[in-house]
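[1] Need coordinates for the below:
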Amino acid sequence: MILEVWYFPSKLPELNAVEGCWDQLQEWFKYRLMPDLSTLKEYIPRGLSAITEPNIWPYLTGKDSN
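    Residues are numbered from 1 along each chain as shown. Okay, here's the model as predicted:
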């Protein structure tokens, strides 16, 4: 059995579905002021729970899911 590892370039959402998740998280935090570390720690779970699942079908097939 051979395990093949592929590294996807960062900031290339066409090849890496997780980039869509990071984009959602960045958008969620965009205009929020974090005055201290404890506030940031409080907001991280909220931001993560706001992420919706990316549609990975286009990444896997190269086709639109519609």
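[2] Counting neighbours, what do you get for Tyr7?
    Tyr7 has 6 neighbouring residues, counting by other CB atoms under 10 Å. In this view, the C-beta of every residue, glycine as well, is placed from N, C-alpha and C.
[3] Within the helices and strands, which one has it?
    Assigned by DSSP states H and E, Tyr7 belongs to no helix or strand.
[4] all helices for this protein, in order.
    18-29, 37-49, 57-61 (DSSP state H).
[5] Next, the buried residues of the first one.
    Neighbour-count burial for helix 18-29 flags Glu19, Gly20, Gln24, Trp28 (criterion: 16 or more other CB atoms under 10 Å).
[6] Skip the chain neighbours and tell me the closest residue to the residue nearest the centre of the chain.
    Centroid-nearest residue in the chain: Cys21, 1.7 Å away (criterion: CA atoms, centre = their mean). Spatial nearest neighbour of Cys21, chain neighbours left out: Ile51 (5.2 Å); criterion: CB to CB, 6 or more residues apart in numbering.
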